[in-house]
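A.B. asks: Have a look at this prediction, sequence included:
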Amino acid sequence: MNFVIFVLDNYNESKNIQRGDYMTLEEMTQNTNPYLLCWIDLALTPKHLTDISQLRRIKRLADKDFPVPYSSYTEKKLAHIQDYLKSGTGDWALLGEMTNLQVLEFPKRTPSGIIDDFSFLPKLKNLYRLSLQFTGFTDCSLLSGLTKLKSLALPARKKLIHTEVLDTLSCEIYTNEPAYCDNNFPKYKVVPAQEATAPSPDTFTACYLEYGRKHFSNNELTQEVLNELAEQIRDGKITSLLLSLDENGEEDFFTMDIEKGWAAPLFNSWNEDGDAVCFQPINEKYAGVEEDAPVEIGGQSPVPKRFALDDLELAAECAVYFAKTGKLYPAVQWAEFS
């Protein structure tokens with residue numbers, strides 16, 4: 001991707017760049033977030049960004065075009081800059097030059113903490129759809145001049161400041177409130193944590209493992225396979241897995257969804273009376289937090305932070321322990337729902 005940007009008078013004055021100067025891709029990495037550069041490039045497909053005047057012709061930065069490092073979506077289009085994209089550093093000020101932008105949608109897969117400065121928003125006066133619900137946006141005063149808005153999506157209201165501005169906007173407003181609060185949490189039993197004993201190296205109780213496009217049954221489940229699984233979990237390189245105690249993946253089974261450094265383990269089983277029960281980890285750091293984790297079970301069911309893990313090393317231990325013993329990792333406190 002050969003970005004060459006023609007710089008406007010008011011862009012990046014701190015770098016003493018003059019009108020008529022040009023920036024190579026390497027020079028721009030010092031300033032602009034690579035996700036934004038790639039998002040713009042994908043929006044321009046099949047063309048590439050060669051002149052900053054092109055920014056004023058872009059009307060949509062849609063969530064479907066937001067780049068994802070090492071995903072199948074970007075594998076072909078952006079394969080040559082995947083490592084650069086993964087760095088995720090830099091600012092988003094270049095958005096302020098996109099004055100004809102009408103749609104700006106940060107998707108659910110927006111990496112946590114990737115953007116915290118939204119000072120470009122007042123310049124985007126042609127926006128009619130704006131989605132910031134999956135970002136760290138807080139200051140509603142930045143929205144006061146966006147009079148053409150028809151649809152606005154924001155983080156949970158308790159995270160916002162200057163919310164009085166919202167009352168002045170004549171548009172539909174959605175705030176990403178947590179699915180569960182203290183007054184509507186389902187009841188559960190606590191399975192206390194206890195000391196964990198390392199299982200035998202030769203023990204494999206699970207009969208089926210599936211993650212990514214890989215499937216393993218019975219004797220295919222080896223220590224080498226579990227070591228690779230653990231590494232994939234720790235590095236956040238897989239989004240989900242399934243472990244089952246039968247080779248069809250239908251009996252007692254353990255699933256885990258992973259996103260943005262969070263994991264949502266879930267063990268589905270049956271009690272002595274034949275009733276379905278499920279278990280989720282208890283994250284004591286978030287015991288009093290009414291907030292959903294940035295990961296969902298099956299990609300659709302919200303998970304409170306108090307029932308998800310923000311430690312992928314621990315998540316890997318939970319998965320490997322279940323694969324070897326068919327039981328929940330005892331060093332973690334679990335919530336039993338029936």
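C.D. replies: Yep, it's here.
A.B. asks: so who does Pro107 touch?
C.D. replies: Pro107 makes contact with 63-64, 66, 131, 134, according to Cβ atoms under 8 Å, 6 or more residues apart in numbering. For the C-beta atoms, the positions are set from N, CA and C on the backbone; glycine is no exception.
A.B. asks: tell me the two of the residues you listed that are most distant?
C.D. replies: The largest separation in the contacts of Pro107, counting by Cβ to Cβ, is between Lys64 and Phe134 at 13.8 Å.
A.B. asks: Between those two, tell me which one has more neighbours.
C.D. replies: Per other Cβ atoms under 10 Å, whichever of Lys64 and Phe134 has more neighbours is Phe134, with 21 against 9.
A.B. asks: my guess is the more buried one contacts Phe106, does it?
C.D. replies: Yes - at 5.5 Å, Phe134 counts as touching Phe106 under the criterion of Cβ atoms under 8 Å.
A.B. asks: quick check, Ser119 in a strand?
C.D. replies: No - the assignment for Ser119 by DSSP: H, G, I helix; E, B strand; the rest coil gives coil, which leaves it out of any strand.
A.B. asks: and it, what is it in contact with?
C.D. replies: Contacts here follow Cβ under 8 Å, 6+ apart; on that basis Ser119 touches 93, 96, 142.
A.B. asks: 6 Å - rerun?
C.D. replies: Listed by Cβ atoms under 6 Å, 6 or more residues apart in numbering, the contact set of Ser119 is empty.
A.B. asks: confidence score at it?
C.D. replies: We have a pLDDT of 95 for Ser119.
A.B. asks: Likewise for Pro67?
C.D. replies: What the model reports for Pro67 is a pLDDT of 78.
A.B. asks: Check the spacing between the closest residue to it other than its chain neighbours and Glu291 real quick.
C.D. replies: Nearest non-adjacent residue to Pro67, counting by Cβ to Cβ, 6 or more residues apart in numbering: Cys38, 4.1 Å away. Remark: distance between Cys38 and Glu291 (Cβ to Cβ, to the nearest Å) = 29 Å.
A.B. asks: of the two, who's got more company?
C.D. replies: Cys38 (25 against 19).
A.B. asks: Surely Ala331 is in contact with Thr197?
C.D. replies: No - counting by Cβ atoms under 6 Å, Thr197 is not a contact partner of Ala331; they are 9.8 Å apart.
A.B. asks: Count the neighbours of the residue lying closest to Leu149 once chain neighbours are set aside for me.
C.D. replies: Once flanking residues are discounted, Leu149 sits nearest to Cys171: 4.2 Å by Cβ to Cβ, 6+ apart. The tally of other residues near Cys171 (other Cβ under 10 Å) stands at 17.
A.B. asks: Same check on Asp273?
C.D. replies: 7.
A.B. asks: go on, Gly136?
C.D. replies: Residues lying near Gly136 (other Cβ under 10 Å) number 15.
A.B. asks: Would you mind measuring from it to Gly90?
C.D. replies: From Gly136 to Gly90 the distance is 16 Å (Cβ to Cβ).
A.B. asks: Now Leu152. Nearest residue, chain neighbours left out?
C.D. replies: Excluding the flanking residues, the one nearest Leu152 by Cβ to Cβ, 6+ apart is Ile173, at 4.9 Å.
A.B. asks: For the helix or strand harbouring the one you found, give the mean pLDDT please.
C.D. replies: Using DSSP states H and E, Ile173 sits in strand 172-176. What strand 172-176 shows for mean pLDDT is 91.
A.B. asks: Adjacent strands (with direction) for it?
C.D. replies: If you go by DSSP bridges, strand 172-176 pairs up with strand 151-155 (parallel).
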